[in-house]
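Visitor: Sequence first, then the predicted structure:
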There are 2 protein chains.
Amino acid sequence: MKINRNFDNLVPNYLFAEVAKRTNEFIKNNPDKKVIKLGIGDVTLPLAPVVVEAMKQGADELGNKETFKGYPDYEGYEFVRKAVSDYYKGFGVDVSADEILITDGAKSDSGNIGDIFGADNLVLVTDPVYPVYVDSNIMAGRKIVYADSNADNGFAAMPPKDIKADIIYLCSPNNPTGSAYTYDELKEWVDYANANDAIIIYDAAYEAFITDENLPRSIFAVEGARTCAIELCSLSKTAGFTGTRCGYTVIPKELERDGHNIYNLWYRREATKFNGVSWPVQRAAAAVFSEEGQRQIRENIAYYQENARIIASAMDELGIYYTGGKNSPYIWLECPNGMGSWEFFDYLLENANVVGTPGEGFGKNGAGYFRLTSFGDRESTVEAIERIKKLLSE
Amino acid sequence: MKINRNFDNLVPNYLFAEVAKRTNEFIKNNPDKKVIKLGIGDVTLPLAPVVVEAMKQGADELGNKETFKGYPDYEGYEFVRKAVSDYYKGFGVDVSADEILITDGAKSDSGNIGDIFGADNLVLVTDPVYPVYVDSNIMAGRKIVYADSNADNGFAAMPPKDIKADIIYLCSPNNPTGSAYTYDELKEWVDYANANDAIIIYDAAYEAFITDENLPRSIFAVEGARTCAIELCSLSKTAGFTGTRCGYTVIPKELERDGHNIYNLWYRREATKFNGVSWPVQRAAAAVFSEEGQRQIRENIAYYQENARIIASAMDELGIYYTGGKNSPYIWLECPNGMGSWEFFDYLLENANVVGTPGEGFGKNGAGYFRLTSFGDRESTVEAIERIKKLLSE
């Protein structure tokens, strides 16, 4: 019996464990200090009332013989897929309900999508990077190359002309850097992918935070994407579904590689190794896309966006370089005075009692950078920012 | 770009599509006939009231800032794992809460567990077989060998002494044959696995249908299993969760292979490619294991068991050989008069207007056999059985 030896190549990620350890030690040694956490990537506002109501109706339906639901369709109920399709229409993107699959989230999808590709493809990720893209491909034994996101390109890496990648992971608006690709930038990636017979796995989990109408909300807003892209999206950040678990995958019916239809491969993967999303969760997801649902979730998103604006304004005032803040819940900032990212973490914790996330936890280009998030509550965010401003303008 | 070429080796399974096609054609041509379906493997009774109530409370908690839940623990909330651990204690099996992981179902788990094993292991499945064990391993490029379940061994295959398998899938009570391993039979498998450095992936999804107190409800009731077995279980058939989606994996902390701790590998896999189970579903799952929950789900199970008894009694009366019926929701019967399984399907549909599942859809040893299920309603089950008795005793 042999285990999957690729697991030996995984690098343990101690980022959040180390953040928690240092934070807890500080709190223990300074019980009088009020520590504010702006490091979390999890949402804090509750589900919208119309979403809760739909979920409860779904539960009641499961409790009644006439309305009971057994095994769901592997690709998700049609009324949910139709609601997602209509949502895309709302920002001018045409994807049909039968190109959409309802899943338990973009993390599962970005991890599992690799099942349909061979082990000998070259994977390209941007650095800094959401660790799942890297770890899931290490598990599959694929070789990974990195495109640098840095201050020169606004932390939005562009295609490396000298590398012929097969599978490309893009996240826009980006976690952790908050940068969002413009149409022209994405078009470069799409052209690169089509020219190289590659597939872009496009993580649009933060699309709902885009306010600039010129920025694409979907890679399928870009000409040529339908022949090279898979889009993953999620209700986690759009509608506070981190603990509810629902997302969706969009695969154009004409997307083919290596003589195979990609939608069909993913459908076969899901039909074999997944059994669909819980009925009350699918009911809740459909409610997100209703008119009232959109109004209610927009209130929550606006709340986080105002937090992000407050943080970004402070960086502007302090003259600190950053990306994100607009079109993203994340603010990715250059540590002041040339500090390293862990050095700045300790400095901020000790002197402002504020917790953020050291950038180097997301890759080598994160060294000297730091992530703050807008998912906290308003009062704490304002107070944390006042403290940071005071500390850094001293 | 290369797709995963192992997908080319998947054999399309047209079983249920062909069943649906022939059934629909018959209904179209015989609109006056009342067709009864005893082929379905899905439950039909609603969720227990206490389970629905917990799910709705969970939904309400997500709608309130003070009780809102974000990202769940990858391994599931402790109160759910503790409830599962206590449930095992109820039938005398000691597995601790930190050996249990809460998942979205045994199908996902049986498909995904392969991620932690190397591609060059030899896989052993029993035939007839639940297709997921086969297809997920074909996707991973593993070689598969078959142990025959047949009338000689009561459709409960025993270890093949001449084969050294690395990964063994067992399902008991079995889908589709309804046979359940005795302690001594399972002990043989455990000894075989330990002797061969193999791991048994034990699917216990139907354990709640065991009524014979001498039959093990878990492989961990068997001495030696903690050093060779992973158990998968599900609330799908236990508590009607086919559309709610919740299951659990049990991996003893001392289980090691190839120098690696198996629990740790699976935890790492889940932490990377899964993000936990929806909060209201975990609340609902915990309610299943409460005292009132157990009382309520037992009523549903008893209902199905009575259906199974009615079907099995008819087979006894008709003198037809079958397995299952007791300790299982499935009745696996020998087609009468030497008919082939599709031949019997057509015969039954045309002459008794009853739909079942041809055994050969589950593997070569299913040829000449047929599966009936107890998940229909009582009235239809009784009527179908009366028709079958009348037809076959003519």
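Guide: On my side now, so go ahead.

Visitor: who's in contact with residue A:166?
Guide: With contact taken as CB atoms under 8 Å, 6 or more residues apart in numbering or on different chains, residue A:166 is in contact with A:117, A:121, A:122, A:123, A:196, A:197, A:198, A:199, B:1, B:2. For every residue, glycine as well, the C-beta is placed using N, CA and C.

Visitor: Tell me the one among those residues nearest to residue A:312.
Guide: Within the contacts of residue A:166, proximity to residue A:312 (CB to CB) peaks at residue A:123, which comes in at 32.3 Å.

Visitor: before we move on, back to that, take the contacts of residue A:166 and keep only those in helices.
Guide: Using DSSP state H to define helices, no part of the contacts of residue A:166 is located there.

Visitor: need the residues of the stretch 201-350 of chain A near chain B, please.
Guide: Neighbours of chain B within the stretch 201-350 of chain A, by CB under 8 Å from any CB of the partner chain: A:240, A:242-245, A:257-260, A:262, A:265, A:268-269, A:272-281, A:284.

Visitor: Next, the residue in the stretch 251-394 of chain A positioned nearest to chain B: phi, psi?
Guide: Of the residues in the stretch 251-394 of chain A, the one nearest chain B is residue A:273, at a distance of 3.0 Å by CB to the nearest CB. Backbone geometry at residue A:273, expressed as degrees, to the nearest 10, gives phi -120, psi 10.

Visitor: Might one say that it is in contact with residue B:108?
Guide: Yes. Judged on CB atoms under 8 Å, residue A:273 makes contact with residue B:108 at a distance of 6.2 Å.

Visitor: In terms of neighbours, single out the busier of these two.
Guide: Ranked by neighbour count (other CB atoms under 10 Å in any protein chain shown), residue A:273 and residue B:108 place residue B:108 first, with 26 against 23.

Visitor: From the contact counts, what lies against the host helix or strand of that one?
Guide: In this structure, residue B:108 is located in helix B:106-112 according to DSSP states H and E. With contacts defined as 3 or more CB pairs under 8 Å, 6 or more residues apart in numbering or on different chains; DSSP states H and E, helix B:106-112 has these neighbours: helix A:262-273, helix B:131-139, strand B:199-203, strand B:229-234, strand B:247-250.

Visitor: mind listing what's buried in the longest helix along chain A?
Guide: In terms of residue count, the longest helix belonging to chain A (DSSP H) is helix A:291-318. Of the residues in helix A:291-318, A:293-294, A:296-297, A:300-301, A:303-305, A:307-308, A:310-312, A:314-315 count as buried by neighbour count, 16 or more other CB atoms under 10 Å in any protein chain shown.

Visitor: so what's the closest residue to residue A:142 other than its chain neighbours up against?
Guide: Using CB to CB, 6 or more residues apart in numbering or on different chains and skipping the chain neighbours, the partner closest in space to residue A:142 is residue A:123 (4.9 Å). When the contact criterion is CB under 8 Å, 6+ apart, the partners of residue A:123 are A:133, A:137, A:142, A:143, A:144, A:145, A:165, A:166, A:167, A:168, A:169.

Visitor: give me the number of residues near the third one?
Guide: A count of nearby residues for residue A:142, using other CB under 10 Å, gives 20.

Visitor: I'd guessed it sits against residue A:122; true?
Guide: Yes. Contact criterion CB under 8 Å: residue A:142 and residue A:122 qualify, at 7.5 Å.

Visitor: Please list all residues in contact with whichever residue of the stretch 1-150 of chain A sits closest to chain B.
Guide: For the stretch 1-150 of chain A, the residue closest to chain B is residue A:111, as judged by CB to the nearest CB, at 3.0 Å. Contacts of residue A:111 were listed using CB under 8 Å, 6+ apart, and they are A:132, A:136, B:272, B:273, B:274.

Visitor: at 10 Å what do you get?
Guide: By CB atoms under 10 Å, 6 or more residues apart in numbering or on different chains, the residues touching residue A:111 are A:105, A:132-133, A:135-137, A:139-140, B:112, B:115, B:269-275.

Visitor: ok, it to residue B:326 distance?
Guide: 41 Å (CB to CB, to the nearest Å).

Visitor: Pretty sure residue A:112 sits against residue A:265.
Guide: No. Between residue A:112 and residue A:265 no contact is recorded; they are 11.9 Å apart, counting by CB atoms under 10 Å.

Visitor: circling back to that earlier point, alpha carbons of the helix holding residue B:108, as CSV, please.
Guide: Taking Å, rounded to 0.1, in the frame of the first residue of the first chain, the C-alpha atoms of helix B:106-112 are listed here in CSV:
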residue,chain,number,x,y,z
ALA,B,106,-20.6,8.8,1.9
LYS,B,107,-20.7,9.1,-1.9
SER,B,108,-18.4,12.1,-1.9
ASP,B,109,-16.2,10.4,0.7
SER,B,110,-15.9,7.1,-1.2
GLY,B,111,-15.0,9.1,-4.3
ASN,B,112,-12.6,11.5,-2.7
